[in-house]
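Colleague: Got a predicted model here, sequence first, then my questions.
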Amino acid sequence: MIALERGRYRARMADGPLDMDAVLALRGRVFRGGLVPDGDAFDTLCSHLMIEEVSGGLVATGRMMVLSGAEVVAGYAAQFYDLGPLTVWPGKMLELGRFALDPGWHDPDILRLAWAALARVVTERDVGLLFGCTSFKGAAPEAHLNALALLAERHVGPAQWRPHAKGEVFPFAEVLAGHPVATETALAEMPTLLRSYLQLGGWVSDHAVADADLDTLHVFTAVEVARIPPGRLRALTALAGF
């Protein structure tokens, strides 16, 4: 059970129906305009991270599931991507998903604590790869061409591990090859979680997938733990209490 407290915030795992009500309600505000709670069949398979402000109140959440080998095809991302290449990954993987940050909170310490909590899980469970779908708001690729062009130019992952297309996709690495990139603008347009993955040395798929249900555009994103820059890894493990 994760239990971290840093400054105004604490990280812990959801425990019981009241916690899950809060998790699904926050996700509903972030992903469904606050109209309904956000839940699906994968929630019962996952552990749910909660970042709370110490005076009370959930400010961020995300779910996770540890997988090995062929189990990877049973996760959330496998709905959108052919993860066959990862079935031979030599070790444990941690799928991350549904990361939701309360839109009223903009403190970078929240995300730092979330990553510290994940660092503790990675260390305790001997995880070698973190992955998930990071999502742009708005399913139309045309709204995100600058950010996707930056990904195509600098961050497409190794062919050995990156997923294959499954169904209709937007092959941005091919379509946007040579597309002019305004780096600062592209980074500003990226989802917060995606930027964090990239700062840790993460990589992305060469194609994106539209999710009509959430009106988002998914990009498969992964971090190989062994390739995290040493300075960032030391900072995370120190924050995690190791």
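Modeller: Alright, I've got the coordinates.

Colleague: I'd assumed Asp215 was in contact with Phe136.
Modeller: No: Phe136 lies out of contact with Asp215 (C-beta atoms under 8 Å); the separation is 10.0 Å. In this view, the C-beta of every residue, glycine as well, is placed from N, C-alpha and C.

Colleague: Can you report how many residues lie near Pro230?
Modeller: By the criterion of other C-beta atoms under 10 Å, Pro230 has 7 neighbours.

Colleague: go on, Glu52?
Modeller: 21.

Colleague: Next: Gln79.
Modeller: Neighbours around Gln79, by other C-beta under 10 Å: 15.

Colleague: go on, Ala140?
Modeller: 11.

Colleague: and the residue nearest to Asp215 when sequence neighbours are not counted, helix, strand or coil?
Modeller: Leaving aside its chain neighbours, Asp215 sits nearest to Ala139 (5.2 Å; criterion: C-beta to C-beta, 6 or more residues apart in numbering). Here Ala139 is recorded as coil under DSSP: H, G, I helix; E, B strand; the rest coil.

Colleague: and the host helix or strand of Arg234, what other elements does it pack with?
Modeller: Here Arg234 sits within helix 230-240, counting by DSSP states H and E. Helix 230-240 sits against helix 108-125, with contacts defined as 3 or more C-beta pairs under 8 Å, 6 or more residues apart in numbering; DSSP states H and E.

Colleague: Can you list the helices and strands that the helix it packs on packs against?
Modeller: strand 3-6, strand 9-13, strand 47-53, strand 58-68, strand 92-101, strand 127-137, helix 192-199, helix 230-240.

Colleague: Give me the distance between Gly97 and Gly57.
Modeller: Counting by C-beta to C-beta, to the nearest Å, the separation of Gly97 from Gly57 is 22 Å.

Colleague: Comparing those two, which residue is more hemmed in?
Modeller: It is Gly97, of Gly97 and Gly57, that has more neighbours when counted by other C-beta under 10 Å, with 21 against 12.

Colleague: My read is that the residue nearest to Asp215 contacts Ala208, right?
Modeller: No: using C-beta under 8 Å, Ala139 is not in contact with Ala208, being 9.4 Å away.

Colleague: just how off-centre is stretch 8-17 within its chain?
Modeller: Relative to the centre of its chain, stretch 8-17 is centred 18 Å away, using C-alpha atoms, centre = their mean, to the nearest Å.

Colleague: All set now, cheers.
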